[in-house]
Each structure stands twice: as C-alpha cells, then as structure tokens.
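Asker: Dropping a prediction and its sequence here:
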Amino acid sequence: MNMEELLKSFSDYGFPMVVSVYLLVRIESKLEYLSQSIIELTETIKYFKDFPHEK
C-alpha cells in the first residue's frame, strides 16, 4: 500500500473511527454509573426481600 492509498483509506475511515472513539469515551462513565446503580438496586431488593413483613 503506497502513501496515496494510505491517506485515502484514512480519509475514508478516519472520521468514523474518531467519532466512535469519542462516543465510547463519553459513554464509558455513564455505563459505570449504570452498573453501580444496578448493584445498589440489587442490594436494596435483597434487603426488602429479607425484611420481616407485618401481617
């Protein structure tokens, strides 16, 4: 692959790659927050499941 073909490939695929990386970096923190929320929700459900019910 010569330099011209390499530059053509980069211009064709470079922008989508940059956008994809940017979006992955942005969503990573949101996924971490979502994972933590799911863990907390699971613990809360377990707590209330074992909570003595009054009848």
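Answerer: Yep, it's here. On a predicted model such as this, the values are computed, not experimentally measured, just so you know.
Asker: So, low pLDDT: which residues of this protein?
Answerer: For the chain, the stretches with pLDDT under 70 are 1-2, 6, 9-10, 18, 53-55.
Asker: again, only using 90
Answerer: Across the chain, the ranges flagged by pLDDT under 90 are 1-26, 28-29, 48-55.
Asker: those helices in it, which residues are they?
Answerer: 3-50 (DSSP state H).
Asker: Report the separation between Phe51 and Leu41.
Answerer: Distance, Phe51 to Leu41, using CB to CB, to the nearest Å: 15 Å. Quick note: C-beta positions are derived from backbone N, CA and C, even for glycine.
Asker: where's Glu43 relative to Met3, distance?
Answerer: Counting by CB to CB - Glu43 and Met3 are separated by 57 Å.
Asker: quick one, which of those two is more surrounded?
Answerer: Glu43 (10 against 7; other CB atoms under 10 Å).
Asker: gap between that one and Ser20?
Answerer: From Glu43 over to Ser20 (counting by CB to CB), the distance is 34 Å.
Asker: And Glu40, by the same measure?
Answerer: Taking CB to CB, one finds Glu40 at 30 Å from Ser20.
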